[in-house]
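Chemist: Return a 3D structure for these sequence lines:
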Amino acid sequence: MDPDTLARFRRDGYVVCSDVLSSAEVATIRAAIPKTLDENRSILGLPGPDVISSPERLLDQVLCVHHVHKISAMFRSLAEHPGIVEKLAQIIGPQVKCLQSQLFVKPPGFPGNAWHQDEGPIPTRDRSLVAVWIAIDDATAENGCLRVVPGSHRSGYLYPVREHHRPDEYDFTTESYGFDESAASLVELAAGSAIFFHGYLVHGSSRNRSSGMRRALTYHYMDSYSLLPWQGGRGDYRDVFPVLGTDPYEWKGYADQSVPHLRLWPDPGRPPEPGLLDYTLRTKIAAAIRTWGHDERAAIRQFREVLREAPRDV
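Modeler: Modelled structure (predicted):
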């Protein structure tokens, strides 16, 4: 990054970098997505070939694949792509570790994410969290590209969250509120381009209103010198891997703490299955899961509330 680009990141909390991946790399990733799901049906809980024979059809109800780097050597290696790590060195510093990957498929009609800040559920000790969101398809306003609130990271404030009551637009996660939404900007990207953004930046996306998928690959990074009290709220999350420099806590070893899994979504044209929990309970469960990463006691209270309100057979 040149000095002006880096200054924009400090000021706005994000910067767009064109052509992080070549067109050939993008084509390889597109081809690898159904193959990765097909080869990991049992791990991800997907139906067998006798039920769904075509690997492409496996994508029909997949909104996101979490921790895809754990089931694919290619997605693991992409976390260390030179076009990514050379920029992370300028944004974060000479020691960087990766802690998460997400592969968004987002077929037509699928929802987006309500406003949120990544540092809410992923609380780094030094506020060094940076996400790299790579467009595998052209990301447009129509198919639900990212929206950001420029400068919302600078105060270091985590905005409160609430249920959004918009299942037509967003998935089951909660939404942040209390900021000036009129300052928001759309971030449209060409395939192969990426947005680097700060963990405190308020961002989200809308429903895919196009006729095609909006595939994107996201990695989360942070300074290797910072501890990460994630997924349990105490100590240091060690399901990480260094991508730049050395890991000063290598002596602690590394742990297999996260499991690759899917964020599914029913076919938008299909009615809800009988017995499906109503929207309010689903969002409360999602909120409790997000809270668990930084406040176990509060999450348990939320789960208890859900159990009190849920039908007896849940």
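Chemist: CA atoms for contacts and neighbours, from now on please.
Modeler: Noted.
Chemist: same for the longest helix seen in the chain, what does it pack against?
Modeler: Identified as the longest helix of the chain according to DSSP state H is helix 23-39. Using 3 or more CA pairs under 8 Å, 6 or more residues apart in numbering; DSSP states H and E as the contact test, no helix or strand touches helix 23-39.
Chemist: What are the neighbouring residues in contact with the spatially most central residue of the chain?
Modeler: Centroid check for the chain by CA atoms, centre = their mean gives Q102 as the closest residue, at 5.1 Å. Neighbouring residues of Q102 by CA atoms under 8 Å, 6 or more residues apart in numbering: 64-68, 217-219.
Chemist: same thing with H153?
Modeler: Applying CA under 8 Å, 6+ apart to H153 gives the contacts 12-13, 198-202.
Chemist: now it: how far from S128?
Modeler: 11 Å (CA to CA, to the nearest Å).
Chemist: List the residues that are in contact with both of these two.
Modeler: Common neighbours of H153 and S128 (criterion: CA under 8 Å, 6+ apart): 198-199.
Chemist: per-residue pLDDT, G293?
Modeler: Per-residue confidence (pLDDT) for G293: 60.
Chemist: For burial, what's the neighbour tally of I52?
Modeler: When neighbours are defined as other CA atoms under 10 Å, I52 has 13 of them.
Chemist: my bad, should have said V259
Modeler: Neighbour count for V259, taken as other CA under 10 Å: 13.
Chemist: Run through the residues that contact it.
Modeler: V259 makes contact with H67 under the criterion CA under 8 Å, 6+ apart.
Chemist: still on that earlier bit, going by secondary structure, the residue nearest to the centre of the chain is in what exactly?
Modeler: Using DSSP states H and E, Q102 sits within strand 96-104.
Chemist: Strand partners (parallel or antiparallel) of that strand?
Modeler: If you go by DSSP bridges, strand 96-104 pairs up with strand 62-66 (antiparallel), strand 216-223 (antiparallel), strand 241-244 (antiparallel).
Chemist: Name the nearest residue to A299, ignoring sequence neighbours.
Modeler: Nearest non-adjacent residue to A299, counting by CA to CA, 6 or more residues apart in numbering: A288, 4.7 Å away.
Chemist: Surely that neighbour and Q302 touch.
Modeler: Yes - using CA atoms under 8 Å, A288 makes contact with Q302 at a distance of 5.6 Å.
Chemist: So between the two, which is more surrounded?
Modeler: Ranked by neighbour count (other CA under 10 Å), A288 and Q302 place A288 first, with 24 against 19.
Chemist: and the more buried one, which of the three is it?
Modeler: Secondary structure, DSSP: H, G, I helix; E, B strand; the rest coil: A288 is helix.
Chemist: Give me the secondary structure label for R10.
Modeler: With three-state DSSP as the basis, the three-state label of R10 is helix.
Chemist: in this structure, which helix or strand is least confident?
Modeler: Taking mean pLDDT, DSSP states H and E as the measure, the helix or strand of the chain with the lowest value is helix 279-292, at a mean of 67.
Chemist: Going by neighbour count, list what's buried in the next helix or strand after that helix.
Modeler: As assigned by DSSP H and E, the chain's next helix or strand after helix 279-292 is helix 296-309. Residues of helix 296-309 classed as buried by neighbour count (16 or more other CA atoms under 10 Å): 296, 299, 302-303, 306.
Chemist: tell me the mean pLDDT over helix 296-309?
Modeler: In this model, helix 296-309 has an average pLDDT of 77.
Chemist: Please name every helix or strand in contact with it.
Modeler: Secondary-structure packing of helix 296-309 (3+ CA pairs under 8 Å, 6+ apart): helix 279-292.
Chemist: tell me the strands in the stretch 1-150 of the chain, going along the chain?
Modeler: Assigned by DSSP state E, counting those that start in this stretch, the strands in the stretch 1-150 of the chain fall at 14-17, 62-66, 96-104, 130-135, 146-148.
Chemist: Can you tell me which of those is packed in deepest?
Modeler: Counting by mean count of other CA atoms under 10 Å, strand 130-135 has the highest mean neighbour count of those, with a mean of 25.
Chemist: From the contact counts, what lies against that strand?
Modeler: Under the contact criterion of 3+ CA pairs under 8 Å, 6+ apart, strand 130-135 touches strand 194-198, strand 216-223.
Chemist: what about whatever helix or strand comes next after the first one, distance to the chain center?
Modeler: Where DSSP H and E defines the elements, the next helix or strand beyond strand 194-198 is strand 203-205. Offset of strand 203-205 from its chain centre (CA atoms, centre = their mean, to the nearest Å): 11 Å.
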